[in-house]
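# test case, fold it:
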Amino acid sequence: MAQHFGGGGASPFLIAGPCVVESDDMNLRVGEALAELGARLGLHVIYKASYDKANRSRLKGARGPGPERGLAALAKVRAATGLPVLTDVHETGQVSAAAHVADVLQIPAFLCRQTDLLVAAGRAGRAVNVKKGQWMAPEGMAGAVEKVRAGGAPEIAVTERGTFFGYGDLVVDMRSFVRLRIACGTPVIYDGTHAVQQPGQGPEGSSGGLRDFIPPLLYAAAAAGADGFFLETHPDPDRAPSDGPNMIPLDQLPGIVSIALDVWQRARGAAQTALKGQGGVVVRSDGQAAPLARARR
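Predicted coordinates:
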């Protein structure tokens, strides 16, 4: 079975795509662009899109086409581009059908403590990405990972998407990547999209967002130890059915990811050389965090 969460540790991996499944033409346009980007940069790319966003702010919020049409659309992207696909599951009853199509199952942040869902996802035989709840400390995610491991998942990753600050903003603590890795023993992903989301601050109570802050936060996360990047993208975010304010325009994604990759590689190289012999924690080339021995006096 292919490894999706940076098995070699030589480069980060990228999870990218639109917020929700849309038309076949749009899905394939994004998928083909991501496949080309991955081939050009040597990145493992996972196409993501949700067939049902059950956690919308408002009743009339765009949810996607639903399981039957949505999973069929994802299967078309997978077949046409060769990319593995990721999608969310919100209930235990969704896991089996999603696992027939998706290579990676994702647990939304608001559901990261739902024991039955986590165990069911682990039993599906697919890689599982669990998003950290916006109210949780990094160490609190160890329990979520334990539940997925109990199901026997072949691969597990944890995603940092920020912590609530006040009532309408999220803040990413850059220490979280090392702390999550140590607590959970898994690769750690930075979600640049939802870290700049502003829940409830969009029109009529929908979520707003601050797209311009995605690149600098992404570069900081690359330097701070993230193993992979989660970035929603769309050819025309301002017309997207959901999460438009915090999605990257598709034509800007290659430049942003190229810089993030460069920062990631430079930071990992520096951690292996400049920090050698210092006290503290270093992120090794295999993606693990390890204590550094202090230099002998």
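# okay, and the beta partners of the most centrally placed residue in the chain?
Nearest to the mean C-alpha position of the chain, by Cα atoms, centre = their mean, lies residue 230 at 3.6 Å. Beta-bridge partners for residue 230, by DSSP bridges, are residue 15, residue 191.
# that one reaches residue 187, doesn't it?
No: contact criterion Cβ atoms under 8 Å: residue 230 and residue 187 do not qualify, at 11.9 Å. The way it works is simple: take the backbone N, C-alpha and C, and place the C-beta from them, glycine included.
# residue boundaries of the strands in the stretch 1-150 of the chain?
Secondary structure of the stretch 1-150 of the chain by DSSP state E, counting those that start in this stretch: the strands cover 13-17, 44-48, 85-88, 104-107, 127-131.
# just how off-centre is the first one within its chain?
Right, strand 13-17. Strand 13-17 has its C-alpha centroid displaced from the chain centroid by 7 Å (Cα atoms, centre = their mean, to the nearest Å).
# residue 169 against residue 208, yeah?
No: with contact defined as Cβ under 8 Å, residue 169 does not reach residue 208; the gap is 10.0 Å.
# list the contacts of stretch 64-80.
Applying Cβ atoms under 8 Å, 6 or more residues apart in numbering, the external contacts of stretch 64-80 come out as 20-21, 24, 27-28, 31-32, 47, 49-53, 83-85, 87, 94, 97-98, 100-103.
# tell me where the model's unsure across this structure.
Counting by pLDDT under 70, the ranges of the chain that qualify are 1, 7-8, 56-61, 200-207, 271-297.
# now the helices for it?
Taking DSSP state H to define them, one finds helices in the chain at 24-41, 67-81, 92-101, 115-123, 142-151, 176-184, 214-224, 253-273.
# which other helices and strands contact the third one?
What it means is helix 92-101. With contacts defined as 3 or more Cβ pairs under 8 Å, 6 or more residues apart in numbering; DSSP states H and E, helix 92-101 has these neighbours: helix 67-81, strand 85-88, strand 104-107, helix 115-123.
# cool, the longest one as well?
For helix 253-273, the packing partners by 3+ Cβ pairs under 8 Å, 6+ apart come out as helix 24-41, helix 214-224, strand 228-234, strand 280-283.
# could you identify which of these is most buried?
Between the helices and strands packed on helix 253-273, strand 228-234 has the highest mean count of neighbours, a mean of 26, where neighbours are mean count of other Cβ atoms under 10 Å.
# what's in contact with it?
Applying Cβ under 8 Å, 6+ apart, the external contacts of strand 228-234 come out as 5-6, 12-19, 30, 34, 48, 157, 159, 161, 187-194, 214, 218, 221-222, 240, 243-244, 246-250, 253, 256-257, 260.
# which among those end up buried?
Neighbour-count burial (16 or more other Cβ atoms under 10 Å) is assigned, among the contacts of strand 228-234, to 5-6, 12-19, 30, 34, 48, 157, 159, 161, 187-194, 214, 218, 221-222, 240, 243-244, 246-248, 250, 253, 256-257, 260.
# in a markdown table, list the helices and strands packed on helix 92-101 along with distance to residue 137.
Compiled in a markdown table, these are given as follows (distance: least, Cβ to Cβ, whole Å):
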| stretch | distance to residue 137 |
| --- | --- |
| helix 67-81 | 33 |
| strand 85-88 | 23 |
| strand 104-107 | 18 |
| helix 115-123 | 18 |
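# out of these, nearest to residue 135?
Closest to residue 135 of the helices and strands packed on helix 92-101, according to Cβ to Cβ: strand 104-107, at 15.3 Å.
# next up, phi/psi of the nearest residue to residue 170 once chain neighbours are set aside, please.
Ranked by Cβ to Cβ, 6 or more residues apart in numbering and with sequence neighbours excluded, the top spatial neighbour of residue 170 is residue 162, at 3.2 Å. Dihedral pair for residue 162: phi 100, psi 170, per degrees, to the nearest 10.
# show me what contacts residue 124?
Contact partners of residue 124, counting by Cβ under 8 Å, 6+ apart, are 95-96, 98-99, 105, 151, 153.
# from residue 154, how far out is it?
10 Å (Cβ to Cβ, to the nearest Å).
# one more: residue 234?
31 Å.
# now do residue 268
Distance of residue 268 to residue 154, given as Cβ to Cβ: 25 Å.
# which of those two has more residues huddled nearby?
More neighbours surround residue 268 than the other of residue 268 and residue 154, with 21 against 14 (other Cβ atoms under 10 Å).
# pretty sure residue 43 sits against residue 258.
No: look at residue 43 against residue 258 with Cβ under 8 Å: they stay out of range, at 9.9 Å.
# what about the two, which has more around it?
Between residue 43 and residue 258, counting by other Cβ under 10 Å, residue 43 is the more crowded of the two (21 against 14).
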